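In: below is the sequence, then the predicted model.
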Amino acid sequence: MSEKKLKGQIALVTGASSGIGKAIAIALGEAGAAVIVNYYSGAEAAEEVVSTIRTNGSDAIAIKADVSKEEDVFSMFGEIIQQYGTLDILINNAGLQQDAPFHEMTLQQWQKVIDVNLTGQFLCAREAIREFLRRGHQPERSKACGKIICISSVHELIPWAGHVNYAASKGAIKMLMQSLAQEYGPQQIRVNSICPGAIRTPINREAWETKEAYQSLMSLIPYNRIGEPDDVGKLAVFLASDDSDYITGTSIFIDGGMAVYESFADGG
Ligand code: NAD
């Protein structure tokens with residue numbers, strides 16, 4: 001990428017040691033941002049992402065924190081402000097699945113998914129907004145005072161049997177995102193969601209790893225290919241940059257058409 005649209009800006013990507021978060025962290029770095037690579041486990045993988053970003057010419061550090069723990073989030077933000085002075089971009093990406101038929105789902109499975117996918121986004125967004133408000137709008141950094149991008153899913157729209165905890169967490173992220181956009185629009189804080197369909201990452205390996213699984217997956221995707229983490233990285237750069245300055249409170253689907261219901265393609 002030749003034009004450094006995010007030069008001088010500081011970005012935090014949660015869950016950035018793998019998959020979509022890793023691709024977003026690298027893409028933001030390529031666009032000129034200094035990137036904080038948050039990870040929960042696997043320090044080595046996080047350090048590799050840091051070193052890729054540095055090799056590409058931007059600053060990066062890794063910070064370990066469990067986004068569902070308030071103390072961890074406080075100390076991560078403390079470290080970011082101490083090292084970089086402020087934050088411009090939050091990518092709320094960390095997430096997981098713990099699947100079970102609903103009647104067999106334990107409270108622990110329900111709670112874990114809600115804690116990481118939803119409460120994690122609450123805790124990080126709250127600290128980011130506190131920092132945006134403290135710093136105030138500095139138009140020389142960016143047209144917006146701050147940008148938050150929530151990684152949601154097509155499952156904020158499409159119900160998902162056997163994954164009720166996950167679908168409930170993503171449905172809730174939609175309202176979290178829109179309510180924040182409404183509440184902080186007057187302070188020039190933009191909040192949007194990215195809703196991926198099937199992207200090739202560790203979270204859904206069984207859906208693309210074998211030829212049979214891949215073919216079956218294609219019956220859900222009009223565009224007939226799986227998404228790659230880089231596809232999402234490019235969208236995140238757009239949503240974090242001034243190119244999207246008039247976009248807030250919106251979910252952008254990046255799903256090869258999954259949300260247009262492929263099964264109705266021949267008349268239903
Ligand atoms: P992934 O498993 O590679 O990435 C998830 C990351 O979150 C991992 O690095 C994991 O260590 C981290 N994480 C988990 N718990 C954490 C915690 N408590 N604190 C901090 N980090 C934690 O899978 P992915 O596909 O890259 O998922 C990234 C996001 O994209 C998730 O929110 C997921 O729901 C969403 N998503 C993925 C797809 C897809 O097809 N891959 C589709 C829709 C949405």
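Out: That came through, no problem.

In: how far off centre is stretch 44-63?
Out: Stretch 44-63 has its C-alpha centroid displaced from the chain centroid by 18 Å (Cα atoms, centre = their mean, to the nearest Å).

In: do stretch 160-177 as well
Out: The chain centroid and the centroid of stretch 160-177 are separated by 14 Å, computed with Cα atoms, centre = their mean.

In: mind checking how far stretch 208-226 is from the chain centre?
Out: Its chain's C-alpha centre and that of stretch 208-226 lie 23 Å apart, by Cα atoms, centre = their mean.

In: how about residues contacting it?
Out: Identification of contacts with stretch 208-226 by Cβ atoms under 8 Å, 6 or more residues apart in numbering yields 197-200, 206-207, 255-258, 260, 262-263, 265. Where you see a C-beta, it was placed from the backbone N, CA and C, and this is true even at glycine.

In: nearest to residue 178, of these?
Out: Compare each of the contacts of stretch 208-226 with residue 178 using Cβ to Cβ and the shortest gap goes to residue 255, at 19.3 Å.

In: tell me how many other residues crowd the closest one.
Out: Counted by other Cβ atoms under 10 Å, the residues lying close to residue 255 total 23.

In: from residue 174, how far out is it?
Out: With distances defined as Cβ to Cβ, to the nearest Å, the gap from residue 255 to residue 174 amounts to 15 Å.

In: swap in residue 122?
Out: Residue 122 sits 14 Å away from residue 174, going by Cβ to Cβ.

In: equivalent analysis for residue 224, please.
Out: In this structure, residue 224 and residue 174 are 27 Å apart, going by Cβ to Cβ.

In: between the two, which is the more surrounded one?
Out: Neighbours of residue 224 and residue 174, each counted by other Cβ under 10 Å, are more numerous for residue 174; the result is 17 against 10.

In: secondary structure element for that one?
Out: Per DSSP states H and E, residue 174 falls inside helix 164-184.

In: what packs against that helix?
Out: Contacts defined by 3 or more Cβ pairs under 8 Å, 6 or more residues apart in numbering; DSSP states H and E place helix 164-184 against helix 107-113, helix 120-135, strand 146-151, strand 189-196.

In: show me the contact partners of the first one.
Out: Helix 107-113 has contacts (Cβ under 8 Å, 6+ apart) with 96-98, 100, 165-166, 169.

In: which one of those sits closest to the ligand?
Out: Nearest to the ligand, judged by Cβ to the nearest ligand atom, of these is residue 96 at 4.8 Å.

In: ok so the closest one is a helix residue?
Out: No: counting by DSSP: H, G, I helix; E, B strand; the rest coil, residue 96 is not part of a helix but coil.

In: got a winner among the contacts of helix 107-113 for most neighbours?
Out: Counting neighbours by other Cβ under 10 Å, residue 169 comes out on top of the contacts of helix 107-113 with 27 neighbours.

In: for it, give me the pLDDT.
Out: If you check residue 169, the pLDDT there is 99.

In: my read: it touches residue 118, true?
Out: Yes: applying Cβ atoms under 8 Å as the test, residue 169 and residue 118 come out as touching, 4.7 Å apart.

In: filter the contacts of stretch 208-226 to the buried ones?
Out: Buried subset of these (neighbour count, 16 or more other Cβ atoms under 10 Å): 197-200, 255-256, 258, 262.
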